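Trainee: A predicted structure for the sequence below; I have some questions about it.
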Amino acid sequence: MEPAEQRPTADQVAAPRPAPDPFAPVRWVAERERAMLPGGAREVRSATLFLVGSECPFSCTFCDLGRHTLGRAATPAGAIPRQIVGALAAIEASGGGPMNGLHTVKLYNASNWFEERAVPGRDDAAVLGALAEIPRVTVECHPRLAVSGRCEAFARARRDGGGELEIALGLETSRPEVFARLGKGCDLGHMERALLWLAERRVVVRLFVLVGLPWIDAGEQVAAAVESVGWAAARGAASVSLIPLRPTPQLRRAARAARADDGRGGRGVAPVSLALFEDAVGAACEAYDERWGGPLVVRADLWDLDALPACRRCGARRRAAMRRRERRSRGWSDEEAACCDRCRRALPGEAPAAAETRS
Ligand code: SF4
Ligand SMILES: [Zn+2]
């Protein structure tokens, strides 16, 4: 199995799934990723299962996950365990031995694990049983729903079985005035309290930070991303994934709203260039990534890397370098992924990153 070849493209991920069957086999992706473990960071094998269930009751500005769900209908009891068992069997059948040495299984249901309508609580025991041999199980959940007795019991059951629970949450940004505009149904205070609550219960936390948000000036984007990773590091997150905002209809709507609000946010919003993403990832890694002696793992989300506008001459080489860097266990030098003479940036008198064009 070569994970990269099985990974869905952005179009596949975004494609509508007409009338999904909650008892049918689900898509999954296997890959390698760096993860923070008790003894330090190392590369592990992980699998992401794209589960089908009820849609999320929140409506975050940039989320388009609702199209993969059953809508407002409740997820039928038994459906989620069946999807998980089926996916694990498919992973096992793809070769390599007992579940191919998986360390982490991510259960992404485009909603909130600890909401009864999305995942019936009576299914938790079956899910825990199916994943008993997996050292780390990751679920996604809104901070207001993560703080719950059900989450606490799930985490305890995982620990009692010798494993861990990880929760993935969308921080998006640590700038309160921007966070407040993202329609997340909570404020940064909720997020902070949830992280502290999870840390007390030894739940591992994985956060997502968006690069290219409206309401942040173009020249502030890198600093905002680094601040957000620092905010996460200070609150005990084990990892942060930086995600370049894609030029979705949601982004275009938000950019128009940003301009209408106060005239700001119109310049640096869409699309995020490869140069901006490189700069944000590089700066966040140097400040906080374990490869530079930092406290957590900084990941670059590469799923949409090919869609980021870049110099025609050196973009492909820089994308390849970015993919290699993601797998490296040590830091790197700037020369390794240098841009070409035509688009050289960050040097006085030469073209800025924003001059990059779609290749
Ligand atoms: S909580 Fe998560 S799944 Fe729900 S709308 Fe927000 S980003 Fe999407
Ligand atoms: Zn170039």
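Mentor: Good, I have the coordinates. Ligands and ions are numbered 1, 2, ... in the order given.
Trainee: what residue ranges in this protein are flagged as low confidence?
Mentor: For the chain, the stretches flagged by pLDDT under 70 are 1-19, 96-99, 247-248, 250-251, 254-255, 257-270, 333-337, 344-359.
Trainee: now the strands: where do they sit in it?
Mentor: Remark: strands assigned in the chain by DSSP state E are 28-37, 40-50, 104-108, 136-140, 164-172, 204-211, 239-244, 297-300.
Trainee: Give the other helices and strands that the longest one contacts.
Mentor: Packing contacts for strand 40-50, counted by 3 or more C-beta pairs under 8 Å, 6 or more residues apart in numbering; DSSP states H and E, involve strand 28-37, helix 79-93, strand 104-108. C-betas here are computed from N, CA, C, even on glycine.
Trainee: can I get those in a markdown table with distance to residue 124?
Mentor: Shown next, in a markdown table, are these (distance: least, C-beta to C-beta, whole Å):
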| stretch | distance to residue 124 |
| --- | --- |
| strand 28-37 | 20 |
| helix 79-93 | 9 |
| strand 104-108 | 11 |
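Trainee: closest to ligand 2 out of the ones you listed?
Mentor: Closest to ligand 2 of those, according to C-beta to the ion: strand 28-37, at 27.9 Å.
Trainee: if I look at residue 72, how far off is residue 80?
Mentor: 17 Å (C-beta to C-beta, to the nearest Å).
Trainee: which of the two has more neighbours?
Mentor: Set side by side, residue 72 and residue 80 show more neighbours around residue 80, with 28 against 10, by other C-beta atoms under 10 Å.
Trainee: Isn't that one up against residue 124?
Mentor: No: the pair residue 80 / residue 124 is not scored as a contact, 9.3 Å apart, by C-beta atoms under 8 Å.
Trainee: about what we covered before: any chance of the strands of the chain in a markdown table, plus distance to ligand 2 and mean neighbour count?
Mentor: Shown next, in a markdown table, are those (distance: least, C-beta to the ion, whole Å; neighbours: other C-beta atoms under 10 Å):
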| stretch | distance to ligand 2 | mean neighbour count |
| --- | --- | --- |
| strand 28-37 | 28 | 19 |
| strand 40-50 | 30 | 18 |
| strand 104-108 | 35 | 22 |
| strand 136-140 | 37 | 23 |
| strand 164-172 | 30 | 22 |
| strand 204-211 | 20 | 24 |
| strand 239-244 | 18 | 23 |
| strand 297-300 | 19 | 24 |
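Trainee: And the helices in the stretch 151-300 of the chain?
Mentor: With DSSP state H, counting those that start in this stretch as the criterion, the stretch 151-300 of the chain has helices at 176-179, 188-200, 221-234, 249-262, 274-288.
Trainee: So which residues on the protein come close to ligand 2?
Mentor: Residues of the chain lying near ligand 2 by C-beta under 5 Å from the ion: 311, 313-314, 339-340, 342-343.
Trainee: May I ask which of the residues you listed has the most neighbours?
Mentor: Highest neighbour count within the residues of the chain next to ligand 2: residue 311, with 25 neighbours (other C-beta under 10 Å).
Trainee: how about the nearest residue to that one, chain neighbours excluded?
Mentor: Distance criterion C-beta to C-beta, 6 or more residues apart in numbering; nearest residue to residue 311, sequence neighbours excluded, is residue 343 at 4.0 Å.
Trainee: Residue 212 against residue 221, yeah?
Mentor: Yes: at 6.3 Å, residue 212 and residue 221 qualify as touching, with contact defined as C-beta under 8 Å.
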